[in-house]
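Novice: Attaching a predicted model along with its sequence, questions to come.
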Amino acid sequence: MRQSTDAPQPPLAIVFTDIVKSTAIWEKNSSAMAESMTVHDDLIRNLTATHSGYEVKQNGDGFMIAFQSAVSALNFCLDVQLQLQEQKWPQELLEIGPAQPVVDEHAENDDEQEDVLWRGLRLRMSAHFGEPVCVWNEVIQRMDYLGPAVNRAARFVSVCEGGQIVVSEEFLQELSNSATSTGARNGPLFENAQAGGAVVHEDDQRQLEDLVGTRFEVRMLGDRHFKGVTEKQRLYFIIPKSLQGRLKHFPRHKYVQASKGNLTEGI
């Protein structure tokens, strides 16, 4: 069987992305959407490379990407959400409802600039950690990943809002293991981390250290049933602190814990 030397090997993190209301935008202005897809695809692929991800395939307007670690996957997802607002979207796109800019009217700024919550295409994202089956795909000439871990990750993206990063308990546990292994155990997300977590490579440790300055919140999305999955899946979503104004636009959700902060607050 042919192998890809840069393809992550299980266990690994699987991320799915999906553009919200893409069909409606295509119908409204296909030329603007076609131009915007180039901007979108370039952003996703550039950040995939930045965070050592592996593009498995592009499904319509969304991507399936594999990462060797949950830390890399989280960094990727956070950067995508933060950088979408900064892209040079066609003006025609920004005049279409689902892509129009939304600002945080209640933000407290020292300058005159408004905090932009959304601008341009909106993405919903899902992340799951597990052990899929690796199969070389001769058609796409890429390593493909199959099995329950992939099926779950693909289904999770369907239950979140644009701008959310929905993650599974398994994904959070892997982050917890990584934080424990690097000694980063003070953050509210990892208060119950168990000793003896997974071995963390040097690159992962560096990325964890980078996340110290990236404040985000974790909220419980709740338990969800999915077709073909016997057990309920408990899901959470992560949002960058700088985009917390989005929470006012989402259905009401619970905090995972009373405190809020970043990955390793207190270090």
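Specialist: Yep, that arrived. Numbering: from 1, shown residues only.

Novice: From here on, just use CA atoms for contacts and neighbour counts.
Specialist: OK.

Novice: So which residues of the stretch 1-150 of the chain form strands?
Specialist: 12-19, 54-59, 62-67, 102-104, 115-118, 123-130, 133-137, 142-146 (DSSP state E, counting those that start in this stretch).

Novice: show me the contacts for the residue nearest to Arg155 when sequence neighbours are not counted.
Specialist: Closest residue to Arg155 apart from its sequence neighbours, by CA to CA, 6 or more residues apart in numbering: Phe226 at 7.1 Å. Taking CA atoms under 8 Å, 6 or more residues apart in numbering, we find Phe226 in contact with Arg155, Lys232, Gln233.

Novice: To Trp89, which of the strands of the stretch 1-150 of the chain lies closest?
Specialist: Smallest distance to Trp89 across the strands of the stretch 1-150 of the chain (CA to CA): 12.0 Å, for strand 115-118.

Novice: ok, the closest one: who's next to it in the sheet?
Specialist: strand 102-104 (antiparallel) (DSSP bridges).

Novice: quick one, strands of the stretch 151-267 of the chain?
Specialist: Along the stretch 151-267 of the chain, counting by DSSP E, counting those that start in this stretch, strands occupy 165-168, 215-226, 229-240, 254-255, 261-262.

Novice: mind putting these in JSON lines, distance to Ala7 and mean pLDDT included?
Specialist: JSON lines is the format used below for the strands of the stretch 151-267 of the chain (distance: least, CA to CA, whole Å; pLDDT from 0 to 100):
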{"stretch": "strand 165-168", "distance to Ala7": "22", "mean pLDDT": "95"}
{"stretch": "strand 215-226", "distance to Ala7": "28", "mean pLDDT": "82"}
{"stretch": "strand 229-240", "distance to Ala7": "26", "mean pLDDT": "86"}
{"stretch": "strand 254-255", "distance to Ala7": "35", "mean pLDDT": "52"}
{"stretch": "strand 261-262", "distance to Ala7": "30", "mean pLDDT": "38"}
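
Novice: Let me know which of these is tucked in deepest.
Specialist: With neighbours taken as mean count of other CA atoms under 10 Å, the strands of the stretch 151-267 of the chain reach their highest mean count in strand 165-168, at a mean of 26.

Novice: Tell me the strands beside it, with direction?
Specialist: Here, using DSSP bridges, strand 165-168 pairs with strand 123-130 (parallel), strand 229-240 (antiparallel).

Novice: Format the CA atom coordinates belonging to the longest one as PDB.
Specialist: What it means is strand 229-240. Below are the C-alpha coordinates for strand 229-240, written out as PDB (Å, rounded to 0.1, in the frame of the first residue of the first chain):
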ATOM      1  CA  VAL A 229     -24.100   6.700  16.700                       C
ATOM      2  CA  THR A 230     -25.500   4.700  19.600                       C
ATOM      3  CA  GLU A 231     -24.400   6.900  22.500                       C
ATOM      4  CA  LYS A 232     -25.200  10.500  23.100                       C
ATOM      5  CA  GLN A 233     -22.200  12.700  22.300                       C
ATOM      6  CA  ARG A 234     -21.400  15.500  24.800                       C
ATOM      7  CA  LEU A 235     -20.100  18.500  22.800                       C
ATOM      8  CA  TYR A 236     -18.500  21.800  23.700                       C
ATOM      9  CA  PHE A 237     -17.600  24.900  21.700                       C
ATOM     10  CA  ILE A 238     -14.500  27.100  21.900                       C
ATOM     11  CA  ILE A 239     -14.500  30.800  21.100                       C
ATOM     12  CA  PRO A 240     -11.500  33.200  21.100                       C
END
